[in-house]
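Q: Prediction below, plus the sequence it came from.
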Amino acid sequence: MAKRDDVFPSKYLKASDLKGNIVVVIESADEEPLKVLDGKEQTKTVLYFKGAKKGLPLNLTNWDAVAAITGEDDSDQWPGHRIEIYPTTTTMQGKPVDCIRIRPPAQGELPKVKPPAPKPTVEDDMDDKIPF
């Protein structure tokens, strides 16, 4: 028996495609024309991830999440950044619907720590030049 997603495959990622939380690396953030709920076309940013076949069109909530995680409001600066995508639900037109949300990876990259500066030795401390 065929499943709906097998008969009507989507170019874009859906909540049902995710089997849990996934940490991904943004490969590109492209502008693409998409049909919205009222049937009109609207240009949206679509994230593509390294090693993934499908892109994720961004709504305002997810756009703001990526901008906050990357520290960049310019989507041209997003490639290379890691994000976590996960399935959840939201309310649309008064009904609960499946959706994908974005957050920082659960285990973010640890900041690089500078090694401490070497302490002066006794010889360095006693190397004062006396001008007379």
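A: Looks like it arrived, so ask away.
Q: Please report how far the residue nearest to residue 52 when sequence neighbours are not counted lies from residue 37.
A: Excluding the flanking residues, the one nearest residue 52 by Cβ to Cβ, 6 or more residues apart in numbering is residue 24, at 6.6 Å. To be clear about C-beta, it is placed using only N, CA and C from the backbone, and glycine gets the same treatment. Residue 24 sits 26 Å away from residue 37 when distances are taken as Cβ to Cβ, to the nearest Å.
Q: neighbour-wise, which of the two wins?
A: Of the pair residue 24 and residue 37, residue 24 is the one with more neighbours under other Cβ atoms under 10 Å, namely 20 against 8.
Q: a strand runs through that one, doesn't it?
A: Yes. Under DSSP: H, G, I helix; E, B strand; the rest coil, residue 24 falls within a strand.
Q: For stretch 55-69, give me every contacting residue.
A: The set of residues that contact stretch 55-69 without belonging to it, under Cβ atoms under 8 Å, 6 or more residues apart in numbering, is 11-13, 26, 29-30, 32, 34, 44-49, 73, 75, 78, 81, 83, 85, 100-104.
Q: Strands - which of those residues land there?
A: 26, 29-30, 32, 34, 44-49, 83, 85, 100-103 (DSSP state E).
Q: Could you list the alpha-carbon positions for the biggest helix by length in the chain in PDB?
A: The single longest helix within the chain, with elements called by DSSP state H, is helix 60-70. What follows is helix 60-70 as a C-alpha-only set of coordinates in PDB (Å, rounded to 0.1, in the frame of the first residue of the first chain):
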ATOM      1  CA  LEU A  60       9.200  34.500  10.100                       C
ATOM      2  CA  THR A  61       9.500  32.500  13.300                       C
ATOM      3  CA  ASN A  62      12.200  30.300  11.900                       C
ATOM      4  CA  TRP A  63      14.000  33.200  10.100                       C
ATOM      5  CA  ASP A  64      14.300  35.000  13.500                       C
ATOM      6  CA  ALA A  65      15.600  31.800  15.100                       C
ATOM      7  CA  VAL A  66      18.300  31.300  12.600                       C
ATOM      8  CA  ALA A  67      19.300  35.000  12.800                       C
ATOM      9  CA  ALA A  68      19.500  34.800  16.600                       C
ATOM     10  CA  ILE A  69      21.600  31.600  16.500                       C
ATOM     11  CA  THR A  70      24.000  32.800  13.900                       C
END
